[in-house]
Each structure stands twice: as structure tokens, then as C-alpha cells.
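Trainee: okay, sequence plus prediction incoming.
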Amino acid sequence: QVQLVESGGGSVQAGVSLRLSCVASGSTYSNYYMGWFRQAPGKEREGVASIDSHGSTSFADSVKGRFTISKDNAKNTLYLQMNSLKPEDTAMYYCAADEYGGSEWYEYNYWGQGTQVTVSS
């Protein structure tokens, strides 16, 4: 079992940066595949970024070059650094974990409660 708690969301102007954090507890965090997903009102949940146990990362095309994903195993914390934010980045952002993971939401068993990011133009 893995428990996940996100933080760091907020309401910001376009062009600024935010860093989301996700603290994990309850299992061998460092061995898990971790991901960030987001869901805007009326839209499906979509993958934003993921990182595997070896540190290999992948990103959605919409955030490539602007977002980075990283993790600090000593702190059991996953990060999403979001730069040059756009209004279309507005969504609830979720942290997810799984032994195997992937780029799709249904590949993850463990989820946080989400943190809201709102970007105004």
C-alpha cells in the first residue's frame, strides 16, 4: 500500500512557475513507477509526466520543454516543476504510483487527493 499526498497548487498568472510535491508513505517508494496526471472540468484525466524506478522520464507533448518530473528517494517525495504556465494547464493535478505504471491513468493503483492549479491569462 502506498499513501500519496500532493501539495503546491495555486492560482497564478500565465508565464509563472509552480512546483508540485507529492509525499509518499507506506511502501518501498523508490521501487515504484510514479506519475503526474491532470483533469480539467469536463475532460478526461490525462497523463502529464512519469518517472520509473531507474529515473527514466516521459512527458506529454503539451508540457515537453516546460515541465520536469523528479523524485527525492530520501524524502519519499515526487516533484513536478511547471514553468511557463498557460491557461490550458488549469486542472486538478494528481500524483499516482504503481509497481509497474505507465503513461495511462488506468495503469496506476495508488492516487493522491489532488491539488488544484489555476492559470489565468
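Mentor: Yes, it's here. Everything quoted here is computed from the prediction, not taken from an experiment. Numbering: from 1, shown residues only.
Trainee: off-centre distance for stretch 68-81?
Mentor: The chain centroid and the centroid of stretch 68-81 are separated by 10 Å, computed with CA atoms, centre = their mean, to the nearest Å.
Trainee: any idea of the mean pLDDT for it?
Mentor: For stretch 68-81, mean pLDDT is 94.
Trainee: just stretch 30-40 next, same as before
Mentor: Over the span of stretch 30-40, the pLDDT mean works out to 92.
Trainee: sort out which residues of it are buried, please.
Mentor: Neighbour counts over stretch 30-40 (16 or more other CB atoms under 10 Å) mark Tyr32, Tyr33, Met34, Gly35, Trp36, Phe37, Arg38 as buried. For glycine as for every other residue, the C-beta is placed from the backbone atoms N, C-alpha and C.
Trainee: ok, the residue nearest the centre of the chain - contacts?
Mentor: Computing the C-alpha centroid of the chain and ranking residues by CA atoms, centre = their mean puts Trp36 first, at 2.3 Å. Contacts for Trp36 (CB atoms under 8 Å, 6 or more residues apart in numbering) come out as 20, 22, 47-50, 69, 78, 80, 93-96.
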